[in-house]
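A.B. asks: here is the input, now give the coordinates:
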Amino acid sequence: MSKHQNAKESVADAVARLRAKRQPTQSETSGKTLDEIKRSTAKQPATAKRASRNGPSLSAQARQKRISQITQQLLAGELTQGQALKALRVSVLGLKQEAYASLVDVSRKTLSEIENDRGSYTTDILNKVFKPFGLKVGLIPLSPGALRALMSNSGNPA
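C.D. replies: Below you'll find the model as predicted:
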């Protein structure tokens, strides 16, 4: 047998050994169905969680506070419009895109594109998706200083 064939056999042996280690033992599988065995041995992703998997159980006051926090981040330029919408949908309502799109009467694709800051949508569509949070599209100053001044004077009548 040549050296090359020896190398092939050792690779095949190593693969067989690794596969044997991966198989559950007879005592582990007794009484389990094949589907149960597959589920128990399937590799689970460590941090792969869907955005809307963990629905919130917030009080009305906590929801309002979260809406205010996200709105402030949006106005400060820390979040894009799409990021703000997604954060609101997930953290305030805990709804999946399909359910929220149905609620506001837009397609799931439209909602996804807005949340990913793709496409150009009319103010009517944007107002539809932000309405459940008591928000609508409007004009704000470009200058952060002017915006801060406006916000600090918002409680004072002119």
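A.B. asks: contacts only, for I70.
C.D. replies: Neighbouring residues of I70 by C-beta atoms under 8 Å, 6 or more residues apart in numbering: L79, A84, A87, L88, S91, V92. To be clear about C-beta, it is placed using only N, CA and C from the backbone, and glycine gets the same treatment.
A.B. asks: any idea how far it lies from N116?
C.D. replies: Shown here: I70 relative to N116, a distance of 17 Å by C-beta to C-beta, to the nearest Å.
A.B. asks: any weak-confidence spans in this structure?
C.D. replies: For the chain, residues meeting the criterion pLDDT under 70 lie at 1-12, 14-15, 17-19, 21-56, 154-158.
A.B. asks: can you list contacts of stretch 121-139?
C.D. replies: The contact list for stretch 121-139 (C-beta under 8 Å, 6+ apart) reads 67, 71, 81, 85, 88, 92-93, 103-106, 110-111, 113-114.
A.B. asks: just the buried subset of these, written out for ChimeraX, thanks.
C.D. replies: To isolate the buried ones among the contacts of stretch 121-139 in ChimeraX, judged by 16 or more other C-beta atoms under 10 Å, type:
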select :67,71,81,85,88,92,93,103,104,106,110,111,113,114
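A.B. asks: just the ones in strands from the contacts of stretch 121-139, please.
C.D. replies: With strands taken from DSSP state E, there is no overlap with the contacts of stretch 121-139.
A.B. asks: what is the nearest of the contacts of stretch 121-139 to S152?
C.D. replies: Nearest to S152 among the contacts of stretch 121-139 is T71, at 15.7 Å by C-beta to C-beta.
A.B. asks: ok, I67 touching R89?
C.D. replies: No - assessed by C-beta atoms under 8 Å, I67 is found out of contact with R89, at 11.3 Å.
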